[in-house]
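Q: give me a model of this one.
(one chain, ligands or ions: 2)
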Amino acid sequence: MTRYSWPKARPGQSVGLLGGSFDPAHSGHMAVTLAALARFGLDHVWWLVTPGNPLKSQDAAAIFRRTERARRVAAHPFVTVTGIEADLGTRYTADTLAALQRNYPRQRFVWLMGSDNLAEFHRWDRWQDIIATVPIGVLARPGSRTRGLLSPAGRLLRRHRCAPGELSLRNAPAFAFASLPLNDESSTRIRAAGQWKR
Ligand SMILES: Nc1ncnc2c1ncn2[C@@H]1O[C@H](COP(=O)(O)OP(=O)(O)OP(=O)(O)O)[C@@H](O)[C@H]1O
Ligand SMILES: O=C(O)c1ccc[n+]([C@@H]2O[C@H](COP(=O)([O-])O)[C@@H](O)[C@H]2O)c1
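A: Numbering: from 1, shown residues only. Ligands and ions are numbered 1, 2, ... in the order given. The predicted structure is shown next:
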């Protein structure tokens, strides 16, 4: 079984977690990562390359290919690409967060996602537990900003809204939304253009 090295972070540092299929990674992932670092006051962002999104029926490309491509796209000193969900054997974000908090008890984690994922977040396993566990930072994605904010999870999170710059200092539940120059790149488009084979 593949073993992935686990990222290092100094105690007390804030780490944004961007979970994704990264099938393949692209400029949109990097745009939200750089915006999250700047707007949410994070020290690092870790990309968690999922073994497989529990809500997606089609198999993604092999995790080693997705991870290798993600490393090339994410060449930045404050961004680390990890396959630790494969090591942990977790697919559900609630389980991943519990394991990360056990393994990094002195880290401040923030869950990051695009507004398209916020719109679907109420379908995730134990989504309300996730909201109670880590602050959540959402980044605008074309076409889903309003849908995300009006979704069941968006409505719940809005009660805990804070300024983006305070997010990493807050205890859960906490929520911040960041607008950024919209980037309409997607893995779906890249696959449809035949530029990435599964
Ligand atoms: N262009 C973008 N703008 C904002 N958020 C994005 C963008 N691309 C990806 N994200 C966010 O990054 C995370 C991982 O995305 P993912 O790896 O599924 O890429 P994707 O382009 O959405 O893939 P697919 O088209 O296969 O659904 C998600 O939270 C998603 O919302
Ligand atoms: O835990 C869940 O039920 C769950 C359901 C859907 C998606 N996720 C996670 O959401 C992240 C984004 O997935 P994706 O495929 O949209 O890039 C990734 O880390 C998935 O594991 C998690």
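
Q: skip the chain neighbours and tell me the closest residue to residue 92.
A: Counting by C-beta to C-beta, 6 or more residues apart in numbering, residue 125 is the residue found nearest to residue 92 once chain neighbours are left out, at 4.6 Å. To be clear about C-beta, it is placed using only N, CA and C from the backbone, and glycine gets the same treatment.

Q: surely the one you found is in a helix?
A: No - applying DSSP: H, G, I helix; E, B strand; the rest coil, one finds residue 125 to be coil, outside a helix.

Q: what is the burial count for it?
A: Using other C-beta atoms under 10 Å, residue 125 has 13 other residues around it.

Q: who are the contact partners of it?
A: 54, 92-94 (C-beta atoms under 8 Å, 6 or more residues apart in numbering).

Q: could you check how many residues crowd around residue 119?
A: For residue 119, the neighbour count with other C-beta under 10 Å is 24.

Q: shouldn't it be in contact with residue 143?
A: No - in this structure, residue 119 is not within contact of residue 143 by C-beta atoms under 8 Å, at 9.8 Å.

Q: where along this protein do the strands fall?
A: For the chain, the strands defined by DSSP state E occupy 14-20, 44-49, 79-82, 108-114, 136-139, 175-178.

Q: and the closest residue to residue 178 other than its chain neighbours, how close does it get to residue 167?
A: Leaving aside its sequence neighbours, residue 178 sits nearest to residue 39 (C-beta to C-beta, 6+ apart; 4.3 Å). Note on residue 39: its distance to residue 167, by C-beta to C-beta, to the nearest Å, is 8 Å.

Q: comparing these two, which residue is more hemmed in?
A: For residue 39 versus residue 167, the count of surrounding residues by other C-beta under 10 Å is larger for residue 167: 27 against 19.

Q: and the closest residue to the more buried one other than its chain neighbours, how far is that from residue 192?
A: With sequence-adjacent residues excluded and distances taken as C-beta to C-beta, 6+ apart, residue 167 is closest to residue 176, at 4.2 Å. Using C-beta to C-beta, residue 176 is found at 32 Å from residue 192.

Q: coming back round to it: now render the contacts of residue 125 as JSON lines, adding distance to ligand 1.
A: Shown next, in JSON lines, are the contacts of residue 125 (distance: C-beta to the nearest ligand atom, whole Å):
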{"residue": "54", "distance to ligand 1": "13"}
{"residue": "92", "distance to ligand 1": "15"}
{"residue": "93", "distance to ligand 1": "11"}
{"residue": "94", "distance to ligand 1": "16"}
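
Q: which of the helices and strands in this protein ranks last by mean pLDDT?
A: One helix or strand of the chain scores below all others by mean pLDDT, DSSP states H and E: helix 84-88, with a mean of 92.

Q: which helices and strands does that helix pack with?
A: Contact here means 3 or more C-beta pairs under 8 Å, 6 or more residues apart in numbering; DSSP states H and E; on that basis helix 84-88 packs against strand 44-49, helix 93-103.

Q: one more time with 10 Å
A: With contacts taken as 3 or more C-beta pairs under 10 Å, 6 or more residues apart in numbering; DSSP states H and E, helix 84-88 sits against strand 44-49, helix 63-73, helix 93-103.
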